[in-house]
Structures are given as structure tokens and as C-alpha cells.
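Undergrad: With the input below, show me the fold.
(one chain, ligands or ions: 1)
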Amino acid sequence: MPRPTAQQRPFGTSPSGEDVALWRLESGGGVHAEILTYGAVLHSLGVPDTAGDVRSVVVGLPSADAYDKAGGYFGAVVGRYANRIADGRLTLDGTTYELPLNDRGHTLHGGPEGFHTKVWEAAAGSGDDTAWVRLSLRSPDGDMGFPGTLDVRVTYTLDAAGTLSCAYTATTDQPTVVNLCNHAYFNLAGGGDVLGHTLQVDAPAYLPVDSASIPLAGAPAGVAGTAFDLTSPRVLGERVGAADEQVRGAGGFDHCWVLAGAADGGLRRAARLAAPRESRVMEVWTTEPGIQVFTANHLDGALEDAAGRPLERHAAVCLETQHFPDAPNRPEYPSPVLRPGTTAESRTEFRFPHLGGATG
Ligand code: G6D
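TA: So this is what the prediction gives:
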């Protein structure tokens, strides 16, 4: 089998006129990943189905401008704090920081000029079994209101079995908070909607939210007996239209599940997504305590993907591995606080067991 490779080509310019590169990783066995230096975006992830037909299982947009204008964080690495911080307010060691509000009075995905809008530095390489691209970003003290200079690295690695891993590290020179995740929109059929996909989430509980998607006070809710019970594979179309107040409020799923073994920080399976007839299957493994499942409830056909196809409601599902929303203000949640001298580390893997690779 050919060895994995990493190659780059130009991908136009960012909205502020900086050059953007596209890095293409090839597994040597039919899987490829394309990653942009703009937003550290996972632009395409080509995966063969059981008959060998290769399609991208993530939604890509035509240009850096299109990613910027779309506003849905397509494929990007979101940060400094993925998901919401209530009222854009954060108190660390007695000092309160005000963050820009960009979602119904709250701060979402690091603010309006979060990491998804930056051009990252890239370095890449390959070996016998892997090809990788490492994206680095220095977020200055005060960036989007957050304290501390934060040095962030995201390494996308594609191995010969076709597994794509995302390894994140961050260090700071002042106490701050960090929550990094990839915001890819998955569709394992390579087009159409995901209503016929099945989704399993390895989580006994989830976080019910208020009308602005901030977790309600109190303990997580058990999934048993609710539309959120995905402990065995469920057809998404049967759940996104469920007569459940939480599902109705969001127009589908837009919730964080509390993963089994959330506290231990070890790499374990979080979710399994399958296209109709299991023609492509993806497992998500992570060290993070939570996974936000977002069924692209806001899409309405106005946006087009990189192939010019309109993106309709539920055209994809985001599986965002992360710390819990508003954790900076919830001492009972796993802590997202990072202090000088320590490194925040996390890892998420996208595995494709139908290709015959390892899954355990
Ligand atoms: C996130 O949870 C949020 C959604 O509410 C938002 O609309 C989306 O990103 C773009 O997953």
C-alpha cells in the first residue's frame, strides 16, 4: 500500500487578505483529509463507502470568504472557548472579564473573531504510517476579552487505517480558560440530509438548556425514557422531530451530552454515526467530557457547499467534543481553567470501522 503523504496548495486569501493554504493528507488507502490554514478548517474528509466510492463526509465551502460569511463555524477549530459563556462574563481568581456577546446575549465559540477567523501557521510531515499537519496560533492577552497570551496547537494526523485524529495543546502566561473543538458538519452519505443516519451517543445524561442554549441549573438530566436516549443507535429523523420540549426549543438537537467516564480524561468512544444501510460508519473517540450534538437546525437552503449544492436543514450533524457549556461559571462541571506552567491537552479521533481498521 502507498505511504501516507502531506502536500499543500494555495487556497486563495482570507477576508483580511492573508494567503491561505490547503494541506491535503492522504492515507495511502483511499482516505484523504484537506485542512485549511484559515480557521484550521477541516475542508474535506474523503472516505470510501463499503463499495469503494469516495465522498467527503464533511461539508466544505468554496472559499475562505464563504467560510467567513456563512457564520456557522463550518469545519473550524473553535476557541478560545467552544460553546457558550453565559452573559459573556468570566471570573478568575477574583477578576471579572467581559467578553463580546455574539449569541443571544452570550459569548459563543470564542466570540465574533474567535480562532475560526484566524490564519494559522502550518508545519507538516509524514512517516511510514501517518501524515500530519500541525497548526499553531498565538492568541494575545485580551484577545476577544480573554486573559493571558495563549499558544495553541492543533495537529491533524491521518493514519494508514484512515483514522483522522485531532490533538490539541494550549499553554498560557496567565490564568485563563480553554475549550477547543472541531466544528465539522458530518454527512456520511456525502450529500442530502442526515435524517436517515443513525446516531449512537455513549452518554447516560445530557444538559437541558434554556431558550438561549445555556444549561439549566442543577444536575445533568438522565437520558433514559427521553428523546436524548441514544445509548443504542437511533434514526436521527425520528428524534429531531420528537415531541420533547428541549428538542422543539432547539429545532432538533443542539445539546451537550455528558459522556460515560467523563471525569477520567481517557480516550474512549463518544459516538457512532452511520449512513443509511451502514454504507459508511464513523466512530468519534475523545478524551473530552462532553459532546455537543448539533443537527444543523439553522440551515435553510440559502448556503451552498463547495460543489454548489444548497445546504438544507439537517444537511449534516456536528459532533463537537468539548468541555461543558458555561463551565467557567459552573464549579460543578469539569474545569476548563488553564494556569501558567501547565498544558491543556485533548484528543479526538474520527475512525471508520467499515474500512476494516482498528476500533478498540
Ligand atoms: C454550535 O451550539 C451551537 C449552535 O447553537 C450554533 O448555531 C452552531 O454552533 C453554529 O454548535
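Undergrad: Relative to Leu273, how far out is the closest residue to Ala242 other than its chain neighbours?
TA: With Cβ to Cβ, 6 or more residues apart in numbering as the measure, Ala227 is the residue that lies nearest to Ala242, at 3.7 Å, once sequence neighbours are left out. Every C-beta, even on glycine, is put in place using the N, C-alpha and C of the backbone. Taken as Cβ to Cβ, to the nearest Å, the spacing of Ala227 relative to Leu273 amounts to 17 Å.
Undergrad: give me every residue that touches the closest residue to Asp103 other than its chain neighbours.
TA: Using Cβ to Cβ, 6+ apart and skipping residues adjacent in sequence, the residue nearest Asp103 is Arg84, 6.5 Å away. For Arg84, the contacting residues are Asp103, His106, Thr107, Leu108, Ala212, Ser213, Ile214, Pro325, Asp326, by Cβ atoms under 8 Å, 6 or more residues apart in numbering.
Undergrad: Which helix or strand contains the fifth one?
TA: I take that to be Ala212. With elements taken from DSSP states H and E, nothing contains Ala212; it lies in neither a helix nor a strand.
Undergrad: returning to that earlier point: buried among the contacts of Arg84? Make that a PyMOL selection.
TA: Of the contacts of Arg84, the buried ones can be selected in PyMOL as follows, counting by 16 or more other Cβ atoms under 10 Å:
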select buried, resi 103+106+107+108+213+214+325+326
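Undergrad: First-to-last residue distance for stretch 259-271?
TA: 9 Å (Cα to Cα, to the nearest Å).
Undergrad: got the buried residues for that stretch?
TA: By 16+ other Cβ under 10 Å, the buried positions in stretch 259-271 come out as Leu259, Ala262, Arg269, Ala270, Ala271.
Undergrad: what's the answer for stretch 301-311, then?
TA: With burial defined by 16+ other Cβ under 10 Å, the residues of stretch 301-311 counted as buried are Leu303, Asp305, Ala306, Leu311.
Undergrad: ok, so what distance separates the last one from Asp93?
TA: Okay, so that is Leu311. For Leu311, the distance to Asp93 under the criterion Cβ to Cβ works out to 43 Å.
Undergrad: Tell me the bridge partners for the residue of the chain at minimum distance from the ligand.
TA: The chain approaches the ligand most closely through Phe294 (3.8 Å), counting by Cβ to the nearest ligand atom. Taking DSSP bridges as the rule, Phe294 bridges to Asp254, Cys318.
Undergrad: how deep is it tucked in, by neighbour count?
TA: Under the neighbour criterion other Cβ atoms under 10 Å, Phe294 is assigned a count of 23.
Undergrad: and it, what does it touch?
TA: By Cβ under 8 Å, 6+ apart, Phe294 lies in contact with Gly252, Phe253, Asp254, Val317, Cys318, Glu320.
Undergrad: and the residues you listed, which two are the farthest apart?
TA: Distance extremes for the contacts of Phe294: the farthest pair is Gly252 and Glu320 at 14.3 Å, using Cβ to Cβ.
Undergrad: With adjacent residues omitted, what lies nearest to Pro334?
TA: In this structure, Pro334 finds its nearest non-sequential neighbour in Pro289, 4.7 Å apart by Cβ to Cβ, 6+ apart.
Undergrad: Is that neighbour in contact with Ala262, as I believe?
TA: Yes - here Pro289 lies in contact with Ala262, judged by Cβ atoms under 8 Å, at a distance of 3.7 Å.
Undergrad: Find residues that contact each of those two.
TA: Common contact partners of Pro289 and Ala262 (Cβ under 8 Å, 6+ apart): Pro334.
Undergrad: Now do the same for Ala6: its pLDDT.
TA: With respect to pLDDT, Ala6 has a value of 98.
Undergrad: What residues are bridge-paired with it?
TA: Beta-bridge pairing of Ala6 under DSSP bridges involves Leu25.
Undergrad: tell me the contacts of Ser213?
TA: Applying Cβ under 8 Å, 6+ apart to Ser213 gives the contacts Arg84, Asp103, Arg104, His106, Ala250, Asp254, Pro325.
Undergrad: hey, what's the second one bridged with?
TA: Here Asp103 sits in beta bridges with His106, going by DSSP bridges.
Undergrad: ok, it - contacts?
TA: Asp103 is in contact with Arg84, Ala212, Ser213, counting by Cβ under 8 Å, 6+ apart.
Undergrad: Pairing partners for the one helix or strand Arg138 maps to, with directions?
TA: When secondary structure is defined by DSSP H and E, Arg138 falls within strand 130-139. Sheet pairing for strand 130-139, assigned by DSSP bridges, gives strand 121-126 (antiparallel), strand 150-159 (antiparallel).
Undergrad: how about the residue lying closest to Asp210 once chain neighbours are set aside, what does it touch?
TA: With Cβ to Cβ, 6+ apart as the criterion, Asp210 has its nearest non-adjacent residue at 6.1 Å, and that residue is Leu216. Remark: with contacts taken as Cβ under 8 Å, 6+ apart, Leu216 is in contact with Leu207, Pro208, Val209, Asp210.
Undergrad: Same question for His43.
TA: Under the criterion of Cβ under 8 Å, 6+ apart, the contact list for His43 reads Phe11, Leu22, Glu34, Ile35, Leu36, Val58, Gly60, Gly75, Ala306.
Undergrad: Need the max-distance pair from those.
TA: Taking Cβ to Cβ as the measure, these span a maximum distance of 15.5 Å, between Phe11 and Val58.
Undergrad: Name the residue in Ala227 and Leu273 with the higher neighbour count.
TA: Here Ala227 and Leu273 are set side by side on neighbour count (other Cβ under 10 Å), and the busier one is Leu273, at 25 against 20.
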